[in-house]
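Peer 1: take this sequence and fold it.
(chains A and B)
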Amino acid sequence: GQSLEQPSEVTAVEGAIVQINCTYQTSGFYGLSWYQQHDGGAPTFLSYNALDGLEETGRFSSFLSRSDSYGYLLLQELQMKDSASYFCAVRGRTGGFKTIFGAGTRLFVKA
Amino acid sequence: NAGVTQTPKFQVLKTGQSMTLQCAQDMNHNSMYWYRQDPGMGLRLIYYSASEGTTDKGEVPNGYNVSRLNKREFSLRLESAAPSQTSVYFCASSRAGENTEAFFGQGTRLTVV
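Peer 2: Now for the predicted structure:
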């Protein structure tokens, strides 16, 4: 089976940097994805890591270490609009590419 | 380009009633998914369809059935609704393959009383 763990809440100040961690257990997977969801909205894709290392997309970066079954999402220059829930997800090698999500991390950005 | 469209957006059911949630995508995606989201529980996979003509159980399939009507449409049916099925339901689709993002519909907010 597959399972993911991430912190339930993180609070940070506007302009700061915040890291949201994700550890996972899976029998085999293609890579780790990150999604953002604002209250009342649908999840939207942020990033994907298939290989170990850091992927950067603007203010957001994502990291994967397959040997440690660990990844993180790094948000820089935090803005109030970044207040949202962030989910890590794994896409399995078995079972027709099904995607399993973590429980999500609620990020609160304070002025 | 509408993406993923779910209907209805809101629904209130009485315990024991049945209903079907509809989902359609216009991106020519092979894979489609149904998730439910409860407070603090994240997104839990109910059923998915890797391609037209196939469906498989996800993490929480009990009390639900699905139909992949064609490549575009994937419906979720509650045969006898229970209060425990009160949730927000999201349909999603993606291309087949390893490095693909999932596109989500806007969700159906279902309350069972």
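Peer 1: what sits against the nearest residue to B:Leu45 once chain neighbours are set aside?
Peer 2: Leaving aside its chain neighbours, B:Leu45 sits nearest to B:Gly58 (3.1 Å; criterion: C-beta to C-beta, 6 or more residues apart in numbering or on different chains). C-beta coordinates here come from the backbone N, C-alpha and C atoms, glycine included. With contact taken as C-beta atoms under 8 Å, 6 or more residues apart in numbering or on different chains, B:Gly58 is in contact with A:98, B:33-35, B:44-48.
Peer 1: tell me which of those fall in helices.
Peer 2: Of those, none are assigned to helices by DSSP state H.
Peer 1: wait, which of these is closest to A:Arg59?
Peer 2: B:Tyr35 (27.1 Å; C-beta to C-beta).
Peer 1: specify the beta-bridge partners of that closest one.
Peer 2: Residues in a beta bridge with B:Tyr35, per DSSP bridges, are B:Leu45, B:Phe90.
Peer 1: could I get the full set of strands for chain B?
Peer 2: Along chain B, the stretches classed as strands by DSSP state E are B:4-7, B:10-13, B:19-25, B:31-38, B:42-49, B:56-57, B:64-68, B:74-78, B:87-94, B:103-104, B:108-112.
Peer 1: could you dump those into JSON lines and include mean neighbour count?
Peer 2: Shown next, in JSON lines, are these (neighbours: other C-beta atoms under 10 Å in any protein chain shown):
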{"stretch": "strand B:4-7", "mean neighbour count": "18"}
{"stretch": "strand B:10-13", "mean neighbour count": "14"}
{"stretch": "strand B:19-25", "mean neighbour count": "19"}
{"stretch": "strand B:31-38", "mean neighbour count": "24"}
{"stretch": "strand B:42-49", "mean neighbour count": "23"}
{"stretch": "strand B:56-57", "mean neighbour count": "14"}
{"stretch": "strand B:64-68", "mean neighbour count": "18"}
{"stretch": "strand B:74-78", "mean neighbour count": "20"}
{"stretch": "strand B:87-94", "mean neighbour count": "24"}
{"stretch": "strand B:103-104", "mean neighbour count": "22"}
{"stretch": "strand B:108-112", "mean neighbour count": "18"}
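Peer 1: can you pull the contacts of the residue nearest to B:Ser49 when sequence neighbours are not counted?
Peer 2: In space, B:Ser49 comes closest to B:Arg68 once its chain neighbours are excluded; the distance is 4.3 Å by C-beta to C-beta, 6+ apart. Neighbouring residues of B:Arg68 by C-beta under 8 Å, 6+ apart: B:32, B:49, B:52-55, B:74.
Peer 1: identify the bridge partners of B:Arg68.
Peer 2: On the basis of DSSP bridges, B:Arg68 is bridged to B:Phe74.
Peer 1: nearest residue to the middle of chain B?
Peer 2: By C-alpha atoms, centre = their mean, chain B has its centre lying nearest to B:Trp34, at 2.8 Å.
Peer 1: partner strands of the helix or strand bottoming out on mean pLDDT in chain A, with direction?
Peer 2: Within chain A, confidence by mean pLDDT, DSSP states H and E is lowest for strand A:99-101 among all helices and strands, at a mean of 87. Under the criterion DSSP bridges, strand A:99-101 sits next to strand A:84-92 (antiparallel) in its sheet.
Peer 1: give me the average confidence score over the strand it pairs with.
Peer 2: Mean per-residue pLDDT for strand A:84-92: 90.
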